[in-house]
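Participant: one predicted model, sequence on top.
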Amino acid sequence: MNQNHQTPAATAENNTRKNKLSQFFNRFSTVITKATGGVYAFIVAIAIVIIWAVTGPFFKFSDTWQLVINTGTTIVTFLMVFVIQHSQNKDTIALQLKLNELIAASQASNKLISIEELTDEELEVMQKFYAHLSSITKKEKENQMHSLEEEKELLEKEQDNIQENIDEVKKTLQNK
């Protein structure tokens with residue numbers, strides 16, 4: 001049956017199944033990521049490699065002996081990519097939400113709350129802008145905060161000063 005034409009009960013059952021699968025994978029990836037990121041997992045991995053290397057002479061360093069380690073590591077790596085990526089995505093979202101909450105609770109500008117949605121090029125421009133603000137702060141040798149609004153005001157003042165200078169030059173030229 002097409003999902004667009006499901007009954008409400010079938011849709012609810014489908015959503016429950018997806019939710020349970022999502023919850024299972026979430027718990028699974030958390031446990032696996034923590035377990036494989038620890039010292040014991042590294043020791044087990046080293047032990048497996050040592051056992052494999054020591055058994056080399058027994059198996060006469062055959063193609064099958066080499067294939068065992070190659071296949072095993074390839075399968076583990078392939079599966080771990082998905083588990084670690086899921087865990088990383090979850091951590092990134094959680095961190096982003098925490099930062100958003102801190103920004104929302106403070107007096108800081110909230111213009112960057114959804115900055116992760118910008119393109120790579122836009123992020124590069126923003127990075128250069130904030131590097132510029134950082135250099136300004138270093139030059140001032142103060143712990144002043146700078147913001148987009150403050151930089152905009154400074155630029156507007158500079159433009160006003162330039163316009164005033166242009167007007168003065170025009171007046172001077174007209175008086176001659």
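Facilitator: Structure's in. What do you need?

Participant: quick one: the helices in the protein?
Facilitator: 8-36, 39-54, 63-105, 120-140, 148-175 (DSSP state H).

Participant: those helices: which one's closest to Lys111?
Facilitator: helix 148-175 (5.9 Å; CB to CB). (Glycine included, C-beta is placed from N, CA and C.)

Participant: now do Val54 against Phe61, distance only.
Facilitator: Distance from Val54 to Phe61, counting by CB to CB, to the nearest Å: 12 Å.

Participant: same question for Trp52.
Facilitator: Taken as CB to CB, the span from Trp52 to Phe61 is 11 Å.

Participant: mean pLDDT added to the helices of the chain, as CSV?
Facilitator: Listed next are these as CSV, based on pLDDT from 0 to 100:
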stretch, mean pLDDT
helix 8-36, 84
helix 39-54, 96
helix 63-105, 92
helix 120-140, 81
helix 148-175, 81
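
Participant: Throw the ones you listed into CSV and include distance to Lys111 and mean neighbour count, thanks.
Facilitator: Output for the helices of the chain, formatted as CSV (distance: least, CB to CB, whole Å; neighbours: other CB atoms under 10 Å):
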stretch, distance to Lys111, mean neighbour count
helix 8-36, 32, 12
helix 39-54, 42, 11
helix 63-105, 9, 12
helix 120-140, 10, 11
helix 148-175, 6, 10
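
Participant: what's the closest of these to Ser114?
Facilitator: Per CB to CB, nearest to Ser114 of the helices of the chain: helix 63-105, 8.4 Å.

Participant: got the angle between the closest one and helix 39-54?
Facilitator: Here the directions of helix 63-105 and helix 39-54 differ by 160 degrees (axes from the mean of the first three to the mean of the last three CA atoms, to 10 degrees).

Participant: please parse this structure into its domains.
Facilitator: 1-116, 118-176 (automatic domain parsing).

Participant: how distant is the first one from the center of its chain?
Facilitator: Centroid separation between domain 1-116 and its chain, computed with CA atoms, centre = their mean, to the nearest Å, is 15 Å.

Participant: equivalent analysis for the shortest one, please.
Facilitator: Using CA atoms, centre = their mean, the distance from the centre of domain 118-176 to the centre of the chain it belongs to is 30 Å.
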